[in-house]
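Fold the following and give me the result.
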Amino acid sequence: MTALDLDLDTDLAAEREHLAASRAALKRMRERAEALFATGDQVAGDAYAAETLGRTLARRVAELADDPTTPLFFGRLDFAGDAAPTDGGPGGEVDLDHAGRRYHVGRRHVTDERGEPLVLDWRAPVSRAFYRASARDPQGLAVRRRFGFNNGLLTSFEDEHLDRGEELGTASRILTAEIERPRVGPMRDIVATIQPEQDELVRAELADSICVQGAPGTGKTAVGLHRAAYLLYLHRERLRRAGVLIVGPNRAFLAYIAAVLPALGEVEVAQATVEDLVDRVPVRAVDDPAAAVVKHDVRMAELLRRAVHGQIGEPTEPITVSDGSYRWRIGLEPLHRVVQETRRENLPYAVGRERVRARVVSLLQRQAEARRAESPSDAWLRRMGRCRPVVDFLDAVWPALTPEGLVHSLFADPARLAAVAEGLLTPAEQALLTWAKPARTAKATKWTAADAVLIDEAAGLVERPAGFGHVVVDEAQDLSPMQCRVIARRSEHGSITLLGDLAQGTAPWAATDWRESLTHLGKPEATVVPLTVGFRVPAAVVAFANRLLPALAVDVPPAESLRRDGALDVRTVDDLSAATVAEVRAALAHEGSIAVIAADEAVDGLRGALAAAGVEAATADDPAAGARVTVVPATLVKGLEYDHVVVVEPAAIVAAEPRGLHRLYVVLTRAVSRLSVLHAAPLPAELR
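Model prediction:
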């Protein structure tokens, strides 16, 4: 054994000792938090304080959870002895001189009993050098060290002596191994592999809304999730009050990404689909495709605005209110003024109704004060607001309104719909919206998914919706203008991170220009950033899928891949079911997850064939514990990734829907190691 080998062994042993000490320190931190949680009710001053303290401590306990299979740190920074004080950038100035200091960088902050850092959070300003430093710009670093792990055990490390001009970049063996590690189970965080261009997006300012046009495998989803984690670190209390929301395309996708933020210590982030956000009514019907296209058109926003404002009338007679031995009278002129002033304030409809009530009561109050020379009581004010003449006036000029009732009244009454749709919708489009046999009430109506979006739009006109401090929207290319407005109402006073790929748009209303979508989201000034270099999908797979791009009618740069490994196998077969079973059996000999993706109508047959062959297979929305094989309908695979993907009969996937080529592009780019394409019918011409 050489002296160099001895030095390496000594170094590795020292790093393992540091890992053990860090895990022990994290355990102490958690035990301390658990002890405080157990006794918190004894130190709180009252029940409310006890409840608040309990929630805070419970969150802290959850944040300090340790997964022994996940490394506590993945990198080390050794600053040169003459390093100057560094600028913390967006996170604020760092007033500490790091010269000669050494820091381990990991998923969360860990301190010893004296409060000294054993592991620095990857989001800390100092940690930025781990991602941004280079041989050209060392940022004060002498050495950047990366660690290799296997199931939580530290196995190796490699150093880049940036002060000597050494930089491995994508030639890093450890970096490459981490990127190419088999994907089993839910999506993982990428804190150990964030690239400089991704880090720039992750650390964008809270006030900045950004749109990431990300080709397959470029890590756009990870960028969005890590940006949420970074903003929560930097603006903890502000975003804890305002909230952070992740919007995904379906439940399968949300289940896939659900573990990423908790792994980074962020346990209080809301996750939802657009359908979850608009769940005011149960969805029990399906629209005709042509009707759905009209309902998702942005013109419906103006139609509903007209319908809401059309409810407001003008006073036709004075108000007279009996009050014991007194009678108060308000003439037409002041009543007209009340309605007109409230109209001009452009308030939500329900708020406007209450404003009109309050102003009418205020006019009555002035008369009472003038006659009685004293201010009426609060009880008197409430009684005046509920008295019959005031309520009758309100119902005449500003009637009570529910979002469901408004939409029901439009679609059940062709004449009423025509009145508000004049100049907006053609008679043929109005006919698509009108119900042939409307239910008698809104409650009895069988609503569609598109109706729920319209009801949410109406709700935004009637009342103030709750908002979030930051919203991350993934697979955003399939959002309709009206769905964009659903999110806009919830991020009016916050920022957004919009993620998507125009080439993967499969909805009838799929976006073709991010600027248009951003306008509907209320963020027209947002920066659009392309990510084209992929780190996960192999180059052979990307090149095969890119053959479809010219036919997709979108202006996006083709994806590139740095992966030269992986495999692509395209085969003509006689029996699709038998070939699929054989392909899955062969894939099981390799590590990682396996997905069989086919047209929706073929999924049950393929799942049955696998079951008959003794192969356990899960579904995308209900993954079976330990199952390595998942059978996924083509319509649900967006955003998901698997090591080995078996695509069954591409022609059937294309034929299943109008934007079938876009769907096939999504399907072909789900593989991060190997792609097998099995077909009995000829491949689509674009692939041949």
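
Point to the helix or strand of this protein where mean pLDDT is at its lowest.
Lowest by mean pLDDT, DSSP states H and E among the helices and strands of the chain is helix 47-63, with a mean of 68.

Which residue lies nearest the spatial centre of this structure?
Geometric centre of the chain, nearest residue: residue 246, 2.6 Å, by CA atoms, centre = their mean.

Could I get the average pLDDT for the lengthiest helix in the chain?
The helix that spans the most residues within the chain, counting by DSSP state H, is helix 3-43. Mean pLDDT, helix 3-43: 80.

Same check on stretch 106-116?
The average pLDDT within stretch 106-116 is 90.

So for stretch 194-204, what gets flagged as buried?
Within stretch 194-204, the residues that qualify as buried are 194-195, 197-204, counting by 16 or more other CB atoms under 10 Å. For every residue, glycine as well, the C-beta is placed using N, CA and C.

Include secondary structure and distance to residue 630 when you put those into TSV, please.
Compiled in TSV, the buried residues of stretch 194-204 are given as follows (DSSP: H, G, I helix; E, B strand; the rest coil; distance: CB to CB, whole Å):
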residue	secondary structure	distance to residue 630
194	coil	27
195	coil	28
197	helix	31
198	helix	27
199	helix	32
200	helix	34
201	helix	30
202	helix	29
203	coil	34
204	coil	34
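
could those residues go into CSV alongside pLDDT and distance to residue 224?
Shown next, in CSV, are those (pLDDT from 0 to 100; distance: CB to CB, whole Å):
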residue, pLDDT, distance to residue 224
194, 86, 13
195, 86, 15
197, 89, 14
198, 91, 10
199, 92, 13
200, 93, 14
201, 95, 9
202, 95, 9
203, 95, 13
204, 95, 11
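
okay, among these, which ones form the most distant pair?
Comparing all pairs in those by CB to CB, the longest separation belongs to 195 and 204, at 15.0 Å.

just the buried residues of stretch 194-204 now: which is nearest residue 420?
Ranked by distance to residue 420 (CB to CB), those are led by residue 204 at 41.0 Å.

what's the residue lying closest to that closest one once chain neighbours are set aside in contact with, if anything?
Spatially, and ignoring its direct neighbours in sequence, residue 204 is nearest to residue 210 (5.6 Å; CB to CB, 6 or more residues apart in numbering). Going by CB atoms under 8 Å, 6 or more residues apart in numbering, residue 210 touches 201, 204, 496-498, 526-529.

Residue 430 now?
Counting by CB under 8 Å, 6+ apart, residue 430 touches 414, 417-418, 421.

Inside helices: which ones of those?
414, 417-418, 421.

if we can go back for a sec, distance to residue 76 added to the buried residues of stretch 194-204, as JSON lines?
Formatted as JSON lines, these follow (distance: CB to CB, whole Å):
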{"residue": "194", "distance to residue 76": "16"}
{"residue": "195", "distance to residue 76": "19"}
{"residue": "197", "distance to residue 76": "23"}
{"residue": "198", "distance to residue 76": "21"}
{"residue": "199", "distance to residue 76": "17"}
{"residue": "200", "distance to residue 76": "22"}
{"residue": "201", "distance to residue 76": "25"}
{"residue": "202", "distance to residue 76": "20"}
{"residue": "203", "distance to residue 76": "20"}
{"residue": "204", "distance to residue 76": "26"}
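
Kindly indicate which of those residues lies nearest residue 126.
residue 203 (12.8 Å).
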